[in-house]
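Chemist: build me a model:
(2 chains)
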Amino acid sequence: MQYLIQLLISGLAIGAIYGLIAMAFAVIYKSTGLVNFAQGEMTMIVAYVAWTISTTISGNVFVVAFGAIMAAILLGLVIERVVMRPMLGEPVFSTVMVTIGLAVILRSSINFIWDAYPHALDLGVGRGIVRIGAIGVRTGQIAVISTLLLLLAGIWAFFRYSKFGVAMRAVAADDRTALLMGISAARVHGFAWAASSAIAGIAGVFFAMSYDLSPAMFQLGLKAFPATILGGLDAVLGSGLGGLLIGITENLAGGYVSSGMKEVAGFLMIIIVLMIRPFGIFGERDIERV
Amino acid sequence: MRTGDFKQTYGELVALTDSPPVWLWSAVLLLALFLAPYILNAYALSFLIIILITVVGALGLNILTGYTGLISLGHVGFLVTGAYAYAVAVSKYGLPPIAGFVAAGVVPAIASLVVGAPSLRLKGLYLAITTLAFSFIINTLILEARWLTNGARGISVPRPTLFGISFDSDAAFTYLCLGFALLALFATLNIRRSRVGRALVAIRDNDTAARVMGINLHTYKLLAFVTSAFITGLAGALYGIYLSFVSVEGFPFLLSIEALAILIVGGLGSALGAVLGTILIVLLPEATRLVFNLFSAQMDAMLTTGAQELKSMLYGLVIILFLRFQPRGLVGAWHDIRRFWVHWPLRY
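Modeler: Residues are numbered from 1 along each chain as shown, chains lettered A, B, ... in the order given. Alright, predicted model coming up:
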């Protein structure tokens, strides 16, 4: 029983990281209609920047967090302006392939800018253990789960109530009509990339704090795919919850079946889910007009 | 003077080419390829072999992504299945190489039915991610099924002897690869101009309209998957034989990206494009190395340490630049040049 609860808790913690990255996917999909295959790589780069800040400037948690989020926003804006904006209006296949190209470039740039060895991002927090009955929970795990829940609530409120959130939904629904209503699609896209990069960056820093920093970290993006597909590509909240579900499934499969199963549990799960609901659990059904 | 391109029968319209010079130059190219193993040194020959093997794989993906418009991010899954099917059949069970090649085609084709079936309900990006999932699941299956595949240790594969001819030397192996490349090329060209090929292209251009015209989407999408996996599996077997060792690490995920890069660089949906794209992508790292070499030996040293990273970076850069500046690929550029050559000084 205790083993099960321990598995569930660590599943929720890693699931919260997947959930954050999946939300980042969904934010971009919701406003630009494309899947950003470079999300995992952007997560990794932000985590490396955070590590550089912690070793060169200051190891203070707030300094590192602030610096990492600023770097993430900058990264998102630069990518949107330099790489994605010129592709505006091209078919989805082309733009998605551009993000794949971008992913490959960012992934190999790690080895040129930093190095190929694993590093620990130690900020002096998150490693303490809180005991609830017989079960120990790391403070880092609590922090990442609560961050996910806070961001979920915040983003839900943003899309529901704020003027810019409504504008983003309008661009997602029909960018041409949105333009006629006086919404700048370019600004919406830029904002979406910055926000998604920041959310993914937070996930990257959390991951690096509890595990280690290595050039293989981009695989977080691949792991988060099942989460966002499960929730539905266009459902920001669904993606966040999908992440938790995938994290738990993965950990249970790893704990009770085999470590090989742990790697592919999420992928097996989405294949089954997509057979039944081709647009994810919370995704909107695509109605085609002939 | 030729005033235009007039076709009077349907046969003329779907002919491979109506121009004698194209046949002539193709024959010259073929002759050159036959003489190449005698002329080229071992280093250049290795590039020729890689190009010929990669052409087979690229043509396989072209049927699925180029003709039918179904994006596959997991084609390396079929490649590795084909390689393992050959290795298990020949090295493990001692079957003749011919049976190995049949297995290398048939096993991925059956696997493709497993991926193809859910894909019938999926579209676009959801399909791309499902194929991605497939390639990871295949890797895990291979690693877990130790009784059949030796798990992570891999299987060593000898060069085959077919019809009493030994393909042991690199020169002889080039001919084997050349044979497979030609077969794959003619197979895809002929599929494209047949009833099946037209149905596939109709699905790519507008699947709703294709369905209204009486094309059975399920049958033809599955057919595209099976054909594509069959050809790709053969490429996998050839690659395994060339490496003389089959393991999961020998087929990294980057190969899927490389295949898509080849199609984009060459020009989507064109067999000629797949060939041109392959040549460019395979030779690109080497060409870059030569250019850097001219500048300084120091840069060359940096390249040898980060060769793999530089290679993948180049793929990424080439994909982005082509999509942005020449979306029709090398084939599009070639058509523009040809039109300019024929019509000069007129614009068109």
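Chemist: do the longest helix along chain B and chain A come into contact?
Modeler: Once chain B is assigned using DSSP state H, the helix that runs over the most residues is helix B:217-243. No: with CB under 8 Å from any CB of the partner chain as the measure, helix B:217-243 is seen stopping short of chain A, the closest distance being 13.4 Å. C-beta coordinates here come from the backbone N, C-alpha and C atoms, glycine included.
Chemist: which helix or strand lies directly C-terminal to that helix?
Modeler: Note on helix B:217-243: by DSSP states H and E, the next helix or strand toward the C-terminus is strand B:245-246.
Chemist: the longest helix of chain B - contacts with which helices or strands?
Modeler: Counting by 3 or more CB pairs under 8 Å, 6 or more residues apart in numbering or on different chains; DSSP states H and E, the packing neighbours recorded for helix B:217-243 are helix B:42-61, helix B:75-87, helix B:97-119, helix B:170-192, helix B:195-205, helix B:207-212.
Chemist: can you give me the mean pLDDT across the helix or strand harbouring B:Trp341?
Modeler: Counting by DSSP H and E, the element that carries B:Trp341 is helix B:329-343. Rounded to a whole number, the mean pLDDT of helix B:329-343 is 86.
Chemist: likewise stretch A:29-38?
Modeler: 83.
Chemist: so what touches it?
Modeler: If you take CB atoms under 8 Å, 6 or more residues apart in numbering or on different chains as the criterion, stretch A:29-38 is touched by A:24-25, A:28, A:42, A:79, A:84, A:92, A:95-96, A:99-100, A:102-103, A:106, A:168-169, A:171-172, A:188-189, A:191-192, A:196, A:221, A:228, A:233-234, A:236, B:125, B:128-129.
Chemist: any low-confidence regions in the stretch 151-300 of chain B?
Modeler: Counting by pLDDT under 70, the ranges of the stretch 151-300 of chain B that qualify are B:296-300.
Chemist: what about the residue of it found nearest chain A, distance to B:Thr288?
Modeler: When CB to the nearest CB is the measure, the stretch 151-300 of chain B has its nearest residue to chain A at B:Thr208, with 5.4 Å between them. Counting by CB to CB, to the nearest Å, the gap from B:Thr208 to B:Thr288 is 44 Å.
Chemist: more neighbours: these two, which one.
Modeler: Between B:Thr208 and B:Thr288, counted using other CB atoms under 10 Å in any protein chain shown, the more crowded position is B:Thr288 (15 against 12).
Chemist: what's the nearest residue to the more buried one if we skip its chain neighbours?
Modeler: In space, and not counting its chain neighbours, B:Thr288 is closest to B:Leu314: 6.2 Å by CB to CB, 6 or more residues apart in numbering or on different chains.
Chemist: next up, the contacts around that neighbour.
Modeler: When contacts are taken as CB under 8 Å, 6+ apart, B:Leu314 is in contact with B:284-285, B:288.
Chemist: check contacts around the residue nearest to A:Ser258 when sequence neighbours are not counted.
Modeler: Leaving aside its sequence neighbours, A:Ser258 sits nearest to B:Glu144 (CB to CB, 6+ apart; 7.3 Å). Going by CB under 8 Å, 6+ apart, B:Glu144 touches A:258, A:260, B:151.
Chemist: does B:Pro285 touch B:Leu310 like I think?
Modeler: Yes: under the criterion of CB atoms under 8 Å, B:Pro285 is in contact with B:Leu310, at a separation of 7.0 Å.
Chemist: which SS class is A:Asn36?
Modeler: Applying DSSP: H, G, I helix; E, B strand; the rest coil to A:Asn36 yields a three-state assignment of coil.
Chemist: what number of residues lie near it?
Modeler: 30.
Chemist: ok, it to chain B distance?
Modeler: Distance check for A:Asn36 against chain B: by CB to the nearest CB, to the nearest Å, it reads 11 Å.
Chemist: ok, that residue to A:Phe225 distance?
Modeler: Here the criterion is CB to CB. By it, A:Asn36 lies 11 Å from A:Phe225.
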